[in-house]
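J.: Here is the input, now give the coordinates:
(2 chains)
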Number of protein chains: 2
Amino acid sequence: MSDFTDHLKPAHDGTATLQAERDGSAIEVDELAKHLLSRDGFLQRQDKVFRVLSREKLFNKDQQLNLSRPDRYHLGLARAKAIQRIIRREDWDHADYSMAEYLNDEMSPYFLHMSMFVTTVREQGSEEQQAFWMPKILNYDIIGCYAQTELGHGSNVRGLETTAKWDPNTKEFEIHSPYLTASKWWNGSMGRTATHAIVVAQLLLPSKDDPNTYTSHGPQTFLLQIRDAKTHQALPGIAVGDIGPKYGYASMDNGYMLFDHHRVPKSAMLSRYAEISDEVGTFTRRGHPAVVYGSLTFVRGQIIMHARLVLARAVTVAVRYCSIRRQFSDRDAKSHDAPEMKVLDYPTVQIRILPLLATTFALHYTGEYMYQLYHESRSTIEKGDFGPLAELHSASSGLKSLCTTLAADGIETCRRAMGGHGFGGGSGLIGLNSDYLSKPTVEGDNWMITQQVAAYLIKKMQQCVEKPDAASRDPTDELFKRYLQNKDHRIPESYLDPRSGQIDDASIVSFFQWRAAALSHAAYQHRIEQKKPWTKMMIQLHALSRAYSEQILITNFYNALSSTQSNLSGPTPQVLRTCFRLFALYTMEQSATSFILTTSVSSSCLTMLPDSTLELMSQLRPHAVKLVDAWSIPDFLLDSALGRYDGKVYEELFDMAHRRNPLNKVTFNPDYRSEEIVFGSGDGGKHVLAKL
Amino acid sequence: MSDFTDHLKPAHDGTATLQAERDGSAIEVDELAKHLLSRDGFLQRQDKVFRVLSREKLFNKDQQLNLSRPDRYHLGLARAKAIQRIIRREDWDHADYSMAEYLNDEMSPYFLHMSMFVTTVREQGSEEQQAFWMPKILNYDIIGCYAQTELGHGSNVRGLETTAKWDPNTKEFEIHSPYLTASKWWNGSMGRTATHAIVVAQLLLPSKDDPNTYTSHGPQTFLLQIRDAKTHQALPGIAVGDIGPKYGYASMDNGYMLFDHHRVPKSAMLSRYAEISDEVGTFTRRGHPAVVYGSLTFVRGQIIMHARLVLARAVTVAVRYCSIRRQFSDRDAKSHDAPEMKVLDYPTVQIRILPLLATTFALHYTGEYMYQLYHESRSTIEKGDFGPLAELHSASSGLKSLCTTLAADGIETCRRAMGGHGFGGGSGLIGLNSDYLSKPTVEGDNWMITQQVAAYLIKKMQQCVEKPDAASRDPTDELFKRYLQNKDHRIPESYLDPRSGQIDDASIVSFFQWRAAALSHAAYQHRIEQKKPWTKMMIQLHALSRAYSEQILITNFYNALSSTQSNLSGPTPQVLRTCFRLFALYTMEQSATSFILTTSVSSSCLTMLPDSTLELMSQLRPHAVKLVDAWSIPDFLLDSALGRYDGKVYEELFDMAHRRNPLNKVTFNPDYRSEEIVFGSGDGGKHVLAKL
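T.: Numbering: from 1, shown residues only, chains lettered A, B, ... in the order given. The predicted structure follows:
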């Protein structure tokens, strides 16, 4: 379609504006990008996989927001299948596959097959079971899912209602859903895709005393076929389907599944660690499953590294767009014709975006630290000795909670900072936001799991109180003992420069650590000494976990800057230090009361925080565009008119509307007196109304 | 479809659970509902309109989340047209129409026609213009929209790029878009629906000295036809269409529009207040448009009243569902078989939902106060005397910012508090959330407009400093003078009970007021005395506006409880007082540092806030279900499985998935070796992939 709009240009050239931003900072983007993203060849791999995917029409994201939910699944499955074919054609390894999923940026209907399903078979299947199933799994002859969560129970696995009753006569289990709330629910890949499922059910065995009554032996895992191999219809005795639209994950078929006295053979129970060993049904546990602390730490590390990139995406869009967007001139400008300011020059925009930019680096260094520790201690881990990792493993629940909350909230903060266009589809944040909003809930609800951290810290503090002389190489023990040895339980005054009221970087770290120790000690006193009810303490425990996790982010950020700066040239080390201080002081200001109550910092000292923050932001401002450039998020993944690398914000927004919006191909009849809706239709048409 | 799932029941009966909750509180729901919702016959009207809409199949919301964006507009237009037919059939008035829009709960493609379009013609059209256009508008012979915002400019109207150049020879205006960023953008009802538009453009007139150069006379409004009456295609010289998918407002055709030297007659300029009066083009303003302060206050009141009902919806869903949902037993329970707790009994869930429940009432009483003042002072307003309203009018920007932020954030807080099912379509919050997220940006960005409040407060403070003896009936003047008279500028000690550390209700009000005064004074000192640059102060000004607006909510809440309690029986007055204290102390805790720095409240006094909050929440807990019942949100509007009045949460979730999910009517082929996707299809089919 050619028309008079073809040659119109925006009043200001976005490309030139971004170029000027880039010219204004001496940061070496490539160097910083390598510093951040070299692990496992991330940057080269991103490049390689992007080249392939962007050539395939199927992976074009252009029309995603226009599709119906059923069509989104449909497209998701087509892409999942295509990725499998590409993997084989291009001879990609598993890391390449993960990169393809990351760049494709939607939950694949195969996702559970290659994650929880295969992992569970590998970890909990007997050798015989593995020999039988693994080839079928790796060859995608079957597609698996993982059915644990139920309609009535999520986090509390012991409360699951699905039963697996052992029948000694037929040597079968009868899988059954006694209540509607026993329905499996939310389980990914199950709704339409999977042929098989891992089902977690309460194992019921005939009682020794009375074979007509049954005793529960707790949740066990079973591997079942759920759909017919030819017709892909549910097997008899099974009701299974997709649960319908959700906030995000449109391409994923999260499912429900109910069983009506469905019988499966004895071999269905995964039996590496548990078995029904004789005819009357004696249940044997072969030791506990070796708890995979190490790999859990690795997985939590991945969540943080993912949170960092998710947040970096939102911040990239916000920084680039707000560098280009102009609105109002300076209120104090002398001239009436003063040029409009870039909105990123307003402190009210900076305060929302720049601390989040600093947060991406804070998340990065703790994620890196977790990976490093994991790799360094791999051999001792396998012997069950977690060394310094034990500490971090326990903290990882708190970190999962904090980091996914920061990222989820951060996306929305960036969106609002972009004003009107932030609400539009051109922001590129709609899918990111709606998918990521699951993260504060899944894999341990962000409010619930903080109890685990708090319980660990209370126990640690109790040990330090009771055995102050016990040797330990754990940093929390050292901190707690230092805290307990200090008589008045206040941070030593030396941490503060009494003249300037300024806090130096090392003292910032001490403040965060001291606060974490003080809150741990208070929780210890309430729970152990005063025997306060756990439930009444839950809000306090949540705050403790957060303070402790913030301390981890601060400590690792500080340590990393102290040790890695030599690799970085020009202004970069100093700019990263500014990020550290901004992240720290901003976080401090958000929880100022908590610092006043636990450290020697005075309220008057805190009054200088807003001005320090303003000053740090103005130091960071000239480097903002190059800092987000260093996160190296390709336009293909950003999928954002506002965040394009080349700054052609308005050209792209207009093109999306004027040339690529299918709604504009239909002409409607707006006269209410006519029930007729459409004059002339490209596609769509009247079927919706007929259906409703 | 009949199968074995038909007779399954949830493990716990939600209906009985909610009944027990209702039996446990002596609040008279009908009485409280009348107290809250009697204005303009709201409750009866809701009932009347609901009965009609719920009978029409077209207004069934069941499949909305499954539709594509184009189909959502399509459906939205069909519903908008149907509502017009129903209005005439049922002889509804404008309030009934608004209620229908509220219950239908989506932005109608006609929305701008009956709001900004008709209002602008009425307020800015000459008598002649009104006589010509109003009958056509009221009869829906034309459909109008309001085209102000552009691709490059939102809030800054003076920066608009579209021009209207007067041609004295032909007596025409040439409407033109010199840049791409001049494109009208976001304008509702314009994309596909409207036949006419109000267009705001910079008026260019030939200069007196040199008729070949033009001088801008600022933005003026023009009424143009934009589409052909027969074909509904854009007129020549106009490019107009829908901008594409957004976070929310799927049913609304927000549009773009560009002009290519498009000529319109002289009569297109709305000329009640401005006119081109002779042949060479002398521009005359006939006085300024009478600024409609009064009705602006009324409109802001509506935004707050709407925010209250939006928040009440989210809180209703969260309270009901969390009363039914059970997870984990009490950690301190003696028995291993202790029943699982209702999640609303966990303080970590309460702290997220109950302060928001209290907030709905806080918003209510300030909204009510604004309406009342408006009605009471209507006659003096028409004479240009705003009396006590002037104060509130100025504050209304701050209130818009605060209340829409509270509601927008509150929806998401409620959603997360509901865990996994909160992420599902059954929450009923997806549409509410994605539509409402526009509110912090539209009608004055929530960060930007707070400058207006702050500027007003600084000016007020300056007047009080400079003329301490000037008479005023404005409560802010009184507060500021009281503050200035107090030598050490600290809240008088009498406000605190030094023994208990408890703060009584009246003192709470004083604390909020004192803090607002102190922050106003600090801003005055920075800006007027120290001449600090405005831009550097923007974050501080935003915080000032928020503190001032919180003070208004607190003051009105307190005053309303002191005066209206007599109408309410049983425990209701006391429960509302608990809501007041919870809202106040929770708000205080969120900004504790600000209180420490501005009032005499000590940090040790603030340490009791968490325990006070816990105690207030446990007092409120038994009444939570009845309090949300009082907001009287019909299931039709809630559109939520989790929030149903009858508590059939799980039955409804399952029914949505198993019986009403169109995706389950398609059988897919999950084998990646086959490019074929569908085995057997109800609808949908392969067209998506063909298109992509």
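
J.: Hmm, residue A:165 is touching residue A:212, no?
T.: No: between residue A:165 and residue A:212 there is no contact, the gap being 12.0 Å when judged by Cβ atoms under 8 Å. All C-beta spots, glycine's among them, are computed from the backbone N, C-alpha and C.

J.: Please say which of these two ends up with more neighbours.
T.: Between residue A:165 and residue A:212, counted using other Cβ atoms under 10 Å in any protein chain shown, the more crowded position is residue A:165 (20 against 6).

J.: biggest helix in chain A, by residue count?
T.: Criterion DSSP state H: the longest helix present in chain A is helix A:293-324.

J.: and that one, what does it pack onto?
T.: For helix A:293-324, the packing partners by 3 or more Cβ pairs under 8 Å, 6 or more residues apart in numbering or on different chains; DSSP states H and E come out as helix A:14-23, helix A:347-376, helix A:378-382, helix A:388-417, helix A:430-436, helix A:624-630, helix A:635-638.

J.: at 7 Å instead, please
T.: For helix A:293-324, the packing partners by 3 or more Cβ pairs under 7 Å, 6 or more residues apart in numbering or on different chains; DSSP states H and E come out as helix A:14-23, helix A:347-376, helix A:388-417, helix A:430-436, helix A:624-630, helix A:635-638.

J.: shaky segments in the stretch 1-150 of chain A?
T.: Applying pLDDT under 70 to the stretch 1-150 of chain A picks out residues A:1.

J.: and if you look at the stretch 401-550 of chain A?
T.: Low-confidence segments of the stretch 401-550 of chain A (pLDDT under 70): A:487-502.

J.: Which positions in it make contact with chain B?
T.: Residues of the stretch 401-550 of chain A lying near chain B by Cβ under 7 Å from any Cβ of the partner chain: A:416, A:419-420, A:423-425, A:430, A:437-438, A:440-441, A:445, A:447, A:533-536, A:538-540, A:542.

J.: Mark which of those residues are buried, thanks.
T.: For those, a burial check counting by 16 or more other Cβ atoms under 10 Å in any protein chain shown picks out A:416, A:419-420, A:423-425, A:430, A:437-438, A:440-441, A:445, A:447, A:534, A:538-540, A:542.

J.: which residues touch stretch A:523-539?
T.: Outside stretch A:523-539, the residues that touch it by Cβ atoms under 7 Å, 6 or more residues apart in numbering or on different chains are A:451, A:454, A:457-458, A:461-462, A:540-541, A:544, B:330-332, B:346-348, B:351, B:610, B:614.

J.: List every C-alpha atom in it, with coordinates, as PDB.
T.: C-alpha atoms of stretch A:523-539 as PDB (Å, rounded to 0.1, in the frame of the first residue of the first chain):
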ATOM      1  CA  ALA A 523      13.600 -13.600  65.000                       C
ATOM      2  CA  TYR A 524      15.700 -16.000  67.100                       C
ATOM      3  CA  GLN A 525      14.600 -14.200  70.300                       C
ATOM      4  CA  HIS A 526      11.000 -14.200  69.300                       C
ATOM      5  CA  ARG A 527      10.800 -17.800  68.200                       C
ATOM      6  CA  ILE A 528      13.300 -19.600  70.500                       C
ATOM      7  CA  GLU A 529      13.400 -17.500  73.600                       C
ATOM      8  CA  GLN A 530       9.900 -16.100  73.700                       C
ATOM      9  CA  LYS A 531       8.300 -19.100  71.900                       C
ATOM     10  CA  LYS A 532       6.200 -16.800  69.700                       C
ATOM     11  CA  PRO A 533       3.800 -18.700  67.400                       C
ATOM     12  CA  TRP A 534       5.300 -19.200  63.900                       C
ATOM     13  CA  THR A 535       2.200 -18.000  62.100                       C
ATOM     14  CA  LYS A 536       2.200 -14.700  64.000                       C
ATOM     15  CA  MET A 537       5.800 -14.200  62.900                       C
ATOM     16  CA  MET A 538       5.400 -14.800  59.200                       C
ATOM     17  CA  ILE A 539       5.500 -11.200  58.100                       C
END
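
J.: Enumerate every residue touching residue A:205.
T.: So residue A:205 contacts A:166, A:214-215, A:217, A:281, A:283 (Cβ under 7 Å, 6+ apart).
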